[in-house]
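Participant: would you be able to build a 3D model of this:
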Amino acid sequence: MPLSDSDPVALTPEARAWLDTALAEVAAAPTTIRALFPAVRRNCGRAPLPDGRTVDEAARALLLAALPLHGQALVDEVAALHRYGDPAEQRAVLRALPQLDRDGTGRFLDLVRQTLRGNDTTLIEAALGPYAAAHLPADEYRQAVLKCVFCEIPLTRVAGLDDRSDAELARMLTDFARERTAAGRPVPEDIASLVRPFTTTGLTAADVTTTDFTAFDVNTTGVTTIDETV
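Facilitator: Okay, here's the model as predicted:
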């Protein structure tokens, strides 16, 4: 089985044999994943793949997919792997969530929420993939985007923005930009693409660094206007 749809990476014969054996063991006895999951990097390596993952992350996704569990039993096993894993193991779990929840129940959202309460930017990025975009409630999704801006995580790494951006998110980002402007601090340029659809002023990325955001107001109709009295 290839590690990646875009690149059936050539593992060494030893690594391939280890992974094939590990997959068979997990399929036969699910609890064996608890020892095998941490051992992946040591046995398979961590070379980068074209899809942005690493070999160990892709191999861990295969192990997760091999679990013959369903419902709460699957949720509990995956949660334990995330809880006791190191950051690389946690990233693998988070990025595999869409494949683990094919029914789209949102049953793994607690793992996303736990991650968003932390400060590891690599884990936050992993948590805000397609699974979060599909299942996070609107208010939580907006707060997650705002946290990315605050943590200087490029918004291009956040899934779902094209579909889930709205006037309330634009207002929140404008308030954030206003605070940064008032403090004399730079405003991240990538918020412009989220604010622009809700403004009548044609805000561009270049404008973000020069606009006085203390003059911006986003109303509930989703139109950003300039308060001429400011």
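Participant: what residues are up against the residue nearest to the spatial centre of the chain?
Facilitator: Ranked by distance to the mean C-alpha position of the chain (C-alpha atoms, centre = their mean), the top residue is residue 128 at 2.2 Å. By C-beta atoms under 8 Å, 6 or more residues apart in numbering, the residues touching residue 128 are 112, 116, 144, 145, 148, 157, 158, 159. Every residue, glycine included, has its C-beta placed from N, CA and C.
Participant: in which helix or strand would I find the nearest residue to the second one once chain neighbours are set aside?
Facilitator: Right, the one you point to is residue 116. Spatial nearest neighbour of residue 116, chain neighbours left out: residue 144 (5.4 Å); criterion: C-beta to C-beta, 6 or more residues apart in numbering. Secondary structure assignment for residue 144, by DSSP states H and E: helix 138-150.
Participant: average pLDDT across the helix or strand following that helix?
Facilitator: Counting by DSSP H and E, the next helix or strand C-terminal to helix 138-150 is helix 161-164. For helix 161-164, mean pLDDT rounds to 96.
Participant: touching helix 161-164 from outside, list them.
Facilitator: Helix 161-164 has contacts (C-beta under 8 Å, 6+ apart) with 133, 138, 141, 145, 155, 194.
Participant: does the fifth one touch residue 190 like I think?
Facilitator: Yes - checked against C-beta atoms under 8 Å, the pair residue 155 and residue 190 is within contact range at 4.6 Å.
Participant: what is in contact with these two at once?
Facilitator: Joint contacts of residue 155 and residue 190 (C-beta under 8 Å, 6+ apart) are residue 149.
Participant: about what we covered before: lowest-confidence one in the contacts of helix 161-164?
Facilitator: Among the contacts of helix 161-164, pLDDT bottoms out at residue 194, giving 92.
Participant: not counting sequence-adjacent ones, nearest residue to it?
Facilitator: Using C-beta to C-beta, 6+ apart and skipping residues adjacent in sequence, the residue nearest residue 194 is residue 165, 5.0 Å away.
Participant: swap in residue 45?
Facilitator: residue 55 is the one closest to residue 45 (C-beta to C-beta, 6+ apart), at 5.1 Å.
Participant: do I have it right that that neighbour meets residue 11?
Facilitator: Yes - counting by C-beta under 8 Å, residue 55 does reach residue 11; the two are 7.3 Å apart.
Participant: ok, the residue nearest to residue 116 to residue 120 distance?
Facilitator: Separation of residue 144 from residue 120 (C-beta to C-beta, to the nearest Å): 14 Å.
Participant: ok, those two, which is more surrounded?
Facilitator: More crowded of residue 144 and residue 120, by other C-beta atoms under 10 Å: residue 144, with 21 against 14.
Participant: rewinding a little: going by neighbour count, which of the contacts of residue 128 comes out on top?
Facilitator: For those, neighbours were counted using other C-beta under 10 Å, and residue 145 has the most, 24 neighbours in all.
Participant: what sits against that residue?
Facilitator: 128, 155, 158, 161, 169, 173, 194.
Participant: ok, so of the contacts of residue 128, who is nearest residue 83?
Facilitator: Taking C-beta to C-beta as the measure, residue 83 lies nearest residue 112 of these, at 13.7 Å.
Participant: identify each buried residue in whichever helix or strand that closest one is part of, please.
Facilitator: Element membership of residue 112 [criterion: DSSP H and E] is helix 109-116. By neighbour count on 16 or more other C-beta atoms under 10 Å, the buried set for helix 109-116 is 109, 111, 112, 114, 115, 116.
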